[in-house]
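> Pasting a predicted model and its sequence here:
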Amino acid sequence: MNLPVIRSSDAASSDTALTVLPDADLAQLRQAHDLLENPGIAAQLANLVGAPIEYVFRKQLPRGVTKVINSTVQSALEKSLRVATATLDKDAAGRPARRGLHKLAVATTGAAGGAFGAMGLAVELPLTTTLILRSIAEIARAEGESLQDPATALACFEVLAMGGGGDRDDGAESGYFATRAVLAQQVAAAAQYIAAHGISGKGAPAIVQFIAGIAARFSVTVSKKVALQSVPVIGAVSGAALNTLFIGHFQSIARGHFIVRRLERQYGAARVREAYAALGSKKG
């Protein structure tokens, strides 16, 4: 086996990149890196039930179920964030997020939805999506984001596109920052429209395109969960357990995402990205 050659100049460059942040904030960035570059949700779901991940990836859902997932996700995203943030205290910045409460809530919806199988998706999925987004919004608020800022709303949606869009999570450039780069143009267009017209204009092309991009990635993640639920040998695993793991994954992604955004506001995006990449090369 050929091992990668690490040049001394590369190692020195990584060490230099890690000095651009104070130790306390570098520790926060390291925590974010660990959260964002963990195995994707499909691997976690497969590990939960002991099913071979290759089988989960290859399992094909009936076309009708896939169509329901795609249309339901699109519809849910168009309305769920406004509902999710409506009852949150906008002035409670820095208050710790109640992750356990939201896990309990989605466990309840998962248990109810699991009782009806694929037919329950149209009811359960919008509720679960709204609860996940509410939890993400609380985490954003805890990291100093303003829930009155439309950019925060878009950043909450971004979380749903991360950590599940592909079969592998290969590090900074092919994982977290790559996803942000793919969405950047749509985020910028949506932010520009919202700044001029407000977030209520969901029918605008910029908003539709952004939501469609998020929905496409989130639907892949949801489909893997549904595929796993349909495997006969894992009937003992309830919808409650799967939903608890599901929201836990997105809570972790949200925590990492909003730590990075907080550090970017403080030190600039370029410096934070450089240090993030250096952390990845150290682990490699």
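On my side now, so go ahead.

> for the record, mean pLDDT for stretch 162-169?
Mean pLDDT, stretch 162-169: 51.

> looking at it, A161 is touching F218, isn't it?
Yes: using Cβ atoms under 8 Å, A161 makes contact with F218 at a distance of 6.5 Å. Heads up, the C-betas are built off the backbone N, CA and C, glycines and all.

> Compare these two and say which is more crowded by neighbours.
Using other Cβ atoms under 10 Å, the more surrounded residue of A161 and F218 is F218, with 26 against 21.

> Name the spans of this structure whose pLDDT lies under the cut-off.
The model of the chain has pLDDT under 70 over residues 1-19, 49-60, 81-121, 163-174, 198-203, 229-238, 282-284.

> quick one, helices of this structure?
8-17, 23-36, 41-49, 53-58, 63-86, 99-114, 121-142, 150-160, 176-197, 205-229, 239-267, 269-283 (DSSP state H).

> Enumerate the positions of the longest one that are buried.
This points to helix 239-267. 239-263, 267 (16 or more other Cβ atoms under 10 Å).

> and that helix, what does it pack onto?
On a contact count with 3 or more Cβ pairs under 8 Å, 6 or more residues apart in numbering; DSSP states H and E, helix 239-267 meets helix 23-36, helix 41-49, helix 99-114, helix 121-142, helix 150-160, helix 176-197, helix 205-229, helix 269-283.

> now the angle from the last one to helix 176-197?
Following axes from the mean of the first three to the mean of the last three Cα atoms, to 10 degrees, one obtains 160 degrees for the angle between helix 269-283 and helix 176-197.

> ditto for the second one
Taking the same axes, to 10 degrees, one finds helix 41-49 and helix 176-197 inclined to each other by 120 degrees.

> tilt between helix 41-49 and helix 239-267?
Using the same axes, to 10 degrees: helix 41-49 against helix 239-267 is 140 degrees.

> Check the fifth one too.
Angle, helix 150-160 to helix 239-267, by the same axes, to 10 degrees: 130 degrees.

> cool, the fourth one as well?
Comparing the axes of helix 121-142 and helix 239-267 via the same axes, to 10 degrees yields an angle of 30 degrees.

> Could you number the chain from 9 rather than 1 from now on?
In the new numbering, first residue 9, that becomes helix 129-150.

> in helix 129-150, what's buried?
Those would be 129-130, 132-150, for helix 129-150 by 16+ other Cβ under 10 Å.

> same check, this time on the fifth one
When neighbours are counted by 16+ other Cβ under 10 Å, the buried residues of helix 158-168 are found to be 158, 160-168.

> Run through who's touching that helix.
Helix 158-168 is contacted from outside by 85, 89, 93, 140-141, 144-145, 148, 153-155, 187-188, 191, 195, 198-199, 202-203, 206-207, 218-219, 222, 225-226, 229, 258, 261-262, 265-266, 269, using Cβ atoms under 8 Å, 6 or more residues apart in numbering.

> Dump that helix to PDB, keeping only the CA atoms.
C-alpha atoms of helix 158-168 as PDB (Å, rounded to 0.1, in the frame of the first residue of the first chain):
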ATOM      1  CA  PRO A 158     -33.200  36.500   6.600                       C
ATOM      2  CA  ALA A 159     -29.600  35.200   6.200                       C
ATOM      3  CA  THR A 160     -30.100  33.100   9.300                       C
ATOM      4  CA  ALA A 161     -33.200  31.500   7.800                       C
ATOM      5  CA  LEU A 162     -31.200  30.600   4.700                       C
ATOM      6  CA  ALA A 163     -28.400  29.200   6.900                       C
ATOM      7  CA  CYS A 164     -30.900  27.000   8.700                       C
ATOM      8  CA  PHE A 165     -32.100  25.600   5.400                       C
ATOM      9  CA  GLU A 166     -28.400  24.900   4.400                       C
ATOM     10  CA  VAL A 167     -28.100  22.500   7.400                       C
ATOM     11  CA  LEU A 168     -30.600  20.200   5.700                       C
END
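
> R225 against I219, yeah?
No: at 11.3 Å, R225 and I219 do not qualify as touching, with contact defined as Cβ under 8 Å.

> With adjacent residues omitted, what lies nearest to D42?
G264 (7.7 Å; Cβ to Cβ, 6 or more residues apart in numbering).

> next one: I219
Nearest to I219 is L85, by Cβ to Cβ, 6+ apart, at 5.2 Å.

> burial measure for that neighbour, as a count.
Neighbour tally, L85, other Cβ under 10 Å: 23.

> Can you give me the separation between it and L271?
Noted for L85: a distance of 27 Å to L271, by Cβ to Cβ, to the nearest Å.
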